[in-house]
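*Asks:* Everything below, folded, please.
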Amino acid sequence: MGLDTVELVMRFEEDLGIAIPDDVAAALETPRHVIDHAAGRLDGREDAEGERWTRERIAAVVRNAVLDDTGLDPRKYHEDARFVQDMGLD
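*Replies:* Below you'll find the predicted structure:
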């Protein structure tokens with residue numbers, strides 16, 4: 001996993017309030033993988049402010065993190081785009 005993807009995983013952890021083990025992070029190849037992983041851990045729970053986590057909210061957090069950290073054109077973002085091959089991250 002390259003520096004770009006490590007930084008993106010750290011952003012996901014911070015924004016979602018979860019730790020993602022290295023072995024799990026290495027298998028997260030697309031935004032959908034991240035969303036599914038986070039939803040499995042957070043769906044239906046509340047954050048520190050009492051706001052409930054839903055798949056839709058998690059997907060929005062992941063999308064914003066990807067777009068902010070990669071500079072990817074928002075029109076090219078989709079949940080099945082691969083971080084390395086399609087988004088050009090290292």
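*Asks:* Can you give me the distance of the residue nearest in space to the middle of the chain to R55?
*Replies:* The residue lying closest to the centre of the chain (C-alpha atoms, centre = their mean) is V62, at 3.9 Å. Separation of V62 from R55 (C-beta to C-beta, to the nearest Å): 10 Å. Every residue, glycine included, has its C-beta placed from N, CA and C.
*Asks:* Could you tell me which residues touch both of those two?
*Replies:* Here V62 and R55 share the contacting residues I35, scored by C-beta atoms under 8 Å, 6 or more residues apart in numbering.
*Asks:* burial count for D23?
*Replies:* 7 (other C-beta atoms under 10 Å).
*Asks:* what does the one 3 residues further on give?
*Replies:* Around A26 sit 12 other residues, with neighbours defined as other C-beta under 10 Å.
*Asks:* Report the outermost residue of the protein with respect to its centre.
*Replies:* Quick read of the chain (C-alpha atoms, centre = their mean): farthest out is G50, 21.1 Å.
*Asks:* so what's the backbone phi/psi at that one?
*Replies:* As for G50, its main-chain torsions (degrees, to the nearest 10) stand at phi 90, psi 10.
*Asks:* List the contacts of A48.
*Replies:* G17.
*Asks:* Tell me how far it lies from G17.
*Replies:* Following C-beta to C-beta, the distance that separates A48 from G17 is 7 Å.
*Asks:* Ok, V9 next?
*Replies:* For V9, the distance to G17 - C-beta to C-beta - is 14 Å.
*Asks:* more neighbours, those two?
*Replies:* V9 (20 against 15).
*Asks:* Leaving aside the residues adjacent along the chain, what's closest to that one?
*Replies:* Ranked by C-beta to C-beta, 6 or more residues apart in numbering and with sequence neighbours excluded, the top spatial neighbour of V9 is A25, at 4.6 Å.
*Asks:* now do R63
*Replies:* Closest to R63 by C-beta to C-beta, 6+ apart is Y77, at 6.2 Å.
*Asks:* cool, and I18?
*Replies:* I18 sits nearest to R41 (C-beta to C-beta, 6+ apart), 5.7 Å away.
*Asks:* Who are the packing partners of the helix or strand that contains the one you found?
*Replies:* For R41, the element it lies in under DSSP states H and E is helix 31-42. For helix 31-42, the elements it packs on are helix 3-16, helix 55-70, judged by 3 or more C-beta pairs under 8 Å, 6 or more residues apart in numbering; DSSP states H and E.
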